[in-house]
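Asker: following is a predicted model, sequence given first.
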Amino acid sequence: MKIVRHKKAQFIVLAALTVAIMIVSIGVIMYGTVTYFKHERWQEYLMIVDNVEMGSQRVVEISLANYTSTFNDRQVLNRSLNQWQTNLTKAYPGFGVALTCSDATIDNGTRPVTSQTNNIMYFSSANATLNIDMTSVELTGYKFVASAFLGAILNATYESNDLVIFIAVEKEESAPVTNLNKNSFSINNESLANIDSKLTHFYGVDNDNVLRIIYRIVIRNYPRASNVRVAIVDTRGIKVIANSTVT
C-alpha cells in the first residue's frame with residue numbers, strides 16, 4: 001500500500017508540474033502575441049507620422065518652386081498646406097489624423113553672409129510650423145518644421161573678353177547644392193546652355209572662411225556690362241535670382 005501511495009503522489013506532482021508548465025507556456029505565448037501586435041501597431045503609427053512629415057516637406061518644396069516661377073503668388077503655400085490637410089484626413093480614415101499649421105511664410109530677398117564681409121546671399125525660402133494630432137492613440141501636440149531654401153552668393157569679373165562668374169549655391173541647413181548643370185543657370189535671362197560657355201565647380205573657402213561648393217562660369221567674348229543677373233534653378237524646381245556688379 002505504501003508503494004501505491006508513493007506512485008500516486010508522484011503522479012499528482014508530475015501532473016501538477018505539467019499543468020504549471022502549460023500555464024506558463026500559454027502565458028508567455030499570449031504575452032508575446034499581445035506585445036507583438038502592440039509593437040506592430042505602434043510601428044504603423046510611427047510610419048504615418050513619418051509619411052506626414054515627408055509629405056509636408058515635399059508640399060513646402062513644391063510651393064516654393066511654384067512661387068519662384070513668377071515671384072508673385074505668396075498665398076500658394078497656405079493654399080497647398082490647406083489642401084494637404086484635407087487630403088491627409090481622407091488618406092487615413094479611422095486614425096483621426098489631423099494636421100494643423102501655426103505659421104507659414106514664403107519669401108525671397110537678400111541677407112548678409114556674415115558681419116565680417118560685404119558678401120550678400122540672395123535667397124528664396126519657405127517655412128511652415130506644423131502640428132500632428134492622432135486621436136486613435138491620443139497623440140497630440142507633435143510639432144515639426146518643414147522648410148525649403150535656396151541661396152546663392154555671386155561675384156563676377158572680366159578676364160580679357162570673357163565674363164567670369166563665381167556662384168556659391170546652398171540649400172537648407174547650409175548644405176551645398178552639388179548637382180547643377182548648364183541648364184540650371186540663366187545669365188541675363190538667357191540659358192547658359194545656349195551660350196558659348198564653360199561650367200566647372202570646385203570646393204573652396206570663400207572670403208568668409210566658409211567651405212562652399214563654387215560654380216565657375218566662363219562666357220567667352222561676352223559684351224562688356226556693368227552688372228550681371230543670374231537665375232539658378234535646382235532639381236526641385238526652386239529658383240533664386242542673384243545680381244552682381246561686374247568688377
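Answerer: That came in fine, so what should we check first?

Asker: leaving out sequence neighbours, find the closest residue to Thr203.
Answerer: Heads up, residue 203 is Tyr, not Thr. Spatial nearest neighbour of Tyr203, chain neighbours left out: Ile213 (5.6 Å); criterion: CB to CB, 6 or more residues apart in numbering. Backbone N, C-alpha and C define where each C-beta goes, glycine included.

Asker: from Asp50, how far off is that neighbour?
Answerer: For Ile213, the distance to Asp50 equals 30 Å [CB to CB, to the nearest Å].

Asker: neighbour count winner among those two?
Answerer: Using other CB atoms under 10 Å as the criterion, Ile213 and Asp50 rank with Ile213 on top: 17 against 10.

Asker: then that one would be within a helix, right?
Answerer: No. Counting by DSSP: H, G, I helix; E, B strand; the rest coil, Ile213 falls outside a helix, being strand.

Asker: could I get the pLDDT score of it?
Answerer: pLDDT, Ile213: 91.

Asker: list the contacts of it.
Answerer: Neighbouring residues of Ile213 by CB atoms under 8 Å, 6 or more residues apart in numbering: Ala168, Val169, Pro176, Val177, Thr178, His201, Phe202, Tyr203.

Asker: again with Asn108
Answerer: Tyr67, Thr68, Phe71, Tyr122, Phe123, Ser124, Ser125, Val240, Ile241.

Asker: so what's the second one up against?
Answerer: Applying CB under 8 Å, 6+ apart, we find Thr68 in contact with Asn108, Ser124, Leu150, Ile238, Lys239, Val240.

Asker: same question for the last one.
Answerer: Going by CB under 8 Å, 6+ apart, Ile241 touches Asn108, Tyr122, Arg229, Val230, Ala231, Ile232.

Asker: cutoff 7 Å now
Answerer: By CB atoms under 7 Å, 6 or more residues apart in numbering, Ile241 lies in contact with Tyr122, Arg229, Ala231.

Asker: hang on, it in a strand?
Answerer: Yes. Looking at Ile241 with three-state DSSP, it is inside a strand.

Asker: where does the chain dip in pLDDT?
Answerer: Applying pLDDT under 70 to the chain picks out residues 1-42, 115-117, 137-138, 207-208.

Asker: can you report how many residues lie near the closest residue to Gly94 other than its chain neighbours?
Answerer: Leaving aside its sequence neighbours, Gly94 sits nearest to Ser136 (CB to CB, 6+ apart; 6.9 Å). Burial of Ser136, expressed as a neighbour count using other CB under 10 Å, amounts to 13.

Asker: again, but for Ile106
Answerer: Using other CB under 10 Å, Ile106 has 23 other residues around it.
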